[in-house]
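*Asks:* Sharing a model that was predicted from the sequence below.
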Amino acid sequence: QQPVQSPQAVILREGEDAVINCSSSKALYSVHWYRQKHGEAPVFLMILLKGGEQKGHEKISASFNEKKQQSSLYLTASQLSYSGTYFCGTEIQGAQKLVFGQGTRLTINP
Amino acid sequence: GAVVSQHPSRVICKSGTSVKIECRSLDFQATTMFWYRQFPKQSLMLMATSNEGSKATYEQGVEKDKFLINHASLTLSTLTVTSAHPEDSSFYICSARAGSTDTQYFGPGTRLTVL
């Protein structure tokens, strides 16, 4: 079942912070975060595994709450290059495949 | 590291023809490759999972006879869209997963337009 992302879209000014949430109705083994720019393929940001939390980049980090079956992506001091659509991909134990959320469109204005 | 290539990047074909798309992992061995389809402003929809040397596993609703997948080696998987129709027009993206990691790396995608 497809995870639910919120918000669907967000518009920020450069330097502002954003939080994108990903919620699943099933117990998760891992959560993967990707950013996709228009007309391009998704770019891997980070992976969070059951039992752990990982920071992938200096100003982009994420958390994974296994009990709540939720993950959040944090973007601090946003830059223009952060614009794009963010997808979370969730993996159930043993499934060996990702199911992606509907995406969150992030627009950063100067 | 972890580079995945796809070829061609764009293809335009006539209705009824077949189109083959190649996906290669350039600097690692991909035990598993995945094929996705993405319509404009929509999410990534998994079509099938392909393991080297075995038959692909297709998602519900995906016609295996229409979308032929071959994973001939640890670095190459191909998707053939047979008897393409305009409704098959989409952005097709592959991803590859190394045996030692949980991370999937995406190829640059192939934009298919069927006239």
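*Replies:* Alright, I've got the coordinates. Every value quoted in this text rests on a predicted model; they were computed, and no experiment measured them. Residues are numbered from 1 along each chain as shown, chains lettered A, B, ... in the order given.

*Asks:* quick one, strands of chain B?
*Replies:* Secondary structure of chain B, counting by DSSP state E: strands at B:4-7, B:10-13, B:19-25, B:30-38, B:45-51, B:57-58, B:67-73, B:76-81, B:90-98, B:104-106, B:110-114.

*Asks:* what do you get for chain A?
*Replies:* Counting by DSSP E, the strands of chain A are A:4-6, A:9-13, A:18-23, A:30-36, A:43-49, A:60-65, A:70-75, A:84-91, A:99-100, A:104-109.

*Asks:* touching chain B at all, the fifth one?
*Replies:* By that I understand strand A:43-49. Yes. Residues of strand A:43-49 contacting chain B under Cβ under 8 Å from any Cβ of the partner chain: A:43-44, A:47, A:49. For glycine as for every other residue, the C-beta is placed from the backbone atoms N, C-alpha and C.

*Asks:* looking at the strands of chain B, which is closest to chain A?
*Replies:* strand B:104-106 (4.3 Å; Cβ to the nearest Cβ).

*Asks:* Mean neighbour count added to the strands of chain B, as TSV?
*Replies:* Shown next, in TSV, are these (neighbours: other Cβ atoms under 10 Å in any protein chain shown):
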stretch	mean neighbour count
strand B:4-7	18
strand B:10-13	14
strand B:19-25	20
strand B:30-38	23
strand B:45-51	20
strand B:57-58	16
strand B:67-73	17
strand B:76-81	21
strand B:90-98	24
strand B:104-106	23
strand B:110-114	19
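
*Asks:* Including distance to residue A:79 and mean pLDDT, could these go into CSV?
*Replies:* Output for the strands of chain B, formatted as CSV (distance: least, Cβ to Cβ, whole Å; pLDDT from 0 to 100):
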stretch, distance to residue A:79, mean pLDDT
strand B:4-7, 26, 95
strand B:10-13, 30, 97
strand B:19-25, 30, 96
strand B:30-38, 25, 93
strand B:45-51, 30, 94
strand B:57-58, 39, 94
strand B:67-73, 38, 91
strand B:76-81, 35, 96
strand B:90-98, 25, 93
strand B:104-106, 22, 92
strand B:110-114, 28, 97
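
*Asks:* quick one: contacts for the residue positioned nearest the centre of chain B?
*Replies:* For chain B, residue B:35 is the residue whose C-alpha lies nearest the centre (Cα atoms, centre = their mean; 3.6 Å). Shown in contact with residue B:35 (Cβ atoms under 8 Å, 6 or more residues apart in numbering or on different chains): B:23, B:46-48, B:50, B:67, B:69, B:77, B:79, B:92-94.
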